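Trainee: 3D, please:
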Amino acid sequence: GDEFAIVLPGDDAVAAESVAKTILHALEMPMIPEGHRLDVRASIGIAIFPEHGRERSVLLRHADVAMYAAKRNKLGYAVWNDNYDEYSRERLMLVNDLRQAVDHDELRLVYQPKVALNDLGEHHAEALVRWQHPVRGLVAPSEFIPFAEQTGHIRAVTQWVLANVIAQCADWRRDGLPMNVSINISAHDLMDAELPDRFAELLERHGCSAEWISLEITESAILDDPDRGIKSLERLSAFGCRLAIDDYGTGYSSLAYLRRLPVHELKLDKSLVAGMMGDTSDALIVRSTIELAHKLGLSVVAEGVEDEATLEGLRKLGCDVIQGFLLSRPLEATELVAWMRESAWIRTRRRTRVLRRAV
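Mentor: So this is what the prediction gives:
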């Protein structure tokens, strides 16, 4: 997002906080330019001269750090203090680098295969973004994705992912590979009023059918603001794409609550899947979740499947799709195509399909 600096006279933190509150209050009202509603959000960081620095560069840096802290609290603003040292100079440099990562072509995509245990016709994969930093090397998603969400840079990252995945999916389909791809979107993305329109524009630009794309959203992302979240999901669903609740079992929602959501799929969190063979409580949760999800018309994906015993357990429980290292690690696009052609998993499905046709 855009950043602005405001210089106020005096050295009174209370007065600065009052101005911050006034700005945030003014932005609470939606803007409606040319009949289009725009919801604007802001985070404000405050640094006081000379308490927090005597040089302009130091004050700006500390205000920047406080702004990132404000993105994580419920007030919308924060005053610099020494407890924010976790945002070190190195981490701030990482923020600046992330701003340039999209333009400098440092992001890349990998795809982790998913296998449908009943649907023998189409292929499935989850798109995962990676950041190949020119100096730091490969930056782990667990390091930069949460930070991108906190700082607002996730919008540019998500836009890049959407554009490239949709283009790749359309190419695969034109080449005769019936591939369906899922994409993760964050709470920040879900609250972005422009996301559905950008998504539709990308589908049209690349000649990609919405039904080939699934969007995965975590429970917590929806619970951040249920009303806005549901409206955004309804707009996305209207285009024809599939919607999935990711990491189910780590949040606080119930399947009864999910009846309100226009979703088609439930992804069991890998922590439940990993524990189901050795923990009766996890096994019971997995069983009941699959049964109730099916009654609600939802398909179920189990992520984190790493051994044959877990696979067979999920198959017996009626799980629809599996994903995990038992099948494959995340692959480059060309590697994924080769995997689809050569994998024993796919060959088994093809033989099953031939046998069914013969019968």
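Trainee: let me see the domain layout of this protein.
Mentor: Using automatic domain parsing, the domain parsing of the chain gives 13-87, 99-263+328-358.
Trainee: quick one: low-confidence parts of the stretch 251-359 of the chain?
Mentor: Judged against pLDDT under 70, the low-scoring parts of the stretch 251-359 of the chain cover residues 251-256, 346-359.
Trainee: can you give me the strands in it?
Mentor: Per DSSP state E, counting those that start in this stretch, the stretch 251-359 of the chain carries strands over the ranges 265-268, 299-303, 321-323.
Trainee: need the ones you listed in a markdown table (columns: mean neighbour count).
Mentor: The way it works is simple: take the backbone N, C-alpha and C, and place the C-beta from them, glycine included. Below are the strands of the stretch 251-359 of the chain laid out as a markdown table (neighbours: other C-beta atoms under 10 Å):
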| stretch | mean neighbour count |
| --- | --- |
| strand 265-268 | 25 |
| strand 299-303 | 25 |
| strand 321-323 | 23 |
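Trainee: could those strands go into CSV alongside distance to residue 286?
Mentor: As requested, the strands of the stretch 251-359 of the chain are arranged in CSV below (distance: least, C-beta to C-beta, whole Å):
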stretch, distance to residue 286
strand 265-268, 6
strand 299-303, 8
strand 321-323, 12
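Trainee: pretty sure residue 84 is touching residue 66, no?
Mentor: Yes. Taking C-beta atoms under 8 Å as the contact criterion, residue 84 and residue 66 are neighbours in contact, 6.5 Å apart.
Trainee: neighbour count: these two, which is higher?
Mentor: residue 66 (22 against 16; other C-beta atoms under 10 Å).
Trainee: who are the contact partners of the closest residue to residue 320 other than its chain neighbours?
Mentor: In this structure, residue 320 finds its nearest non-sequential neighbour in residue 299, 4.3 Å apart by C-beta to C-beta, 6 or more residues apart in numbering. For residue 299, the contacting residues are 264, 265, 266, 293, 320, 321, by C-beta atoms under 8 Å, 6 or more residues apart in numbering.
Trainee: check residue 302 too.
Mentor: With C-beta under 8 Å, 6+ apart as the criterion, the residues that contact residue 302 are 267, 268, 273, 286, 310, 314, 319, 321, 322, 323, 324.
Trainee: from these, which is closest to residue 16?
Mentor: If you rank those by distance to residue 16 using C-beta to C-beta, residue 267 comes first, at 44.0 Å.
Trainee: bridged to that closest one, which residues?
Mentor: Beta bridges link residue 267 to residue 301, judged by DSSP bridges.
Trainee: for it, give me its contacts.
Mentor: 216, 244, 245, 246, 247, 248, 300, 301, 302, 303.
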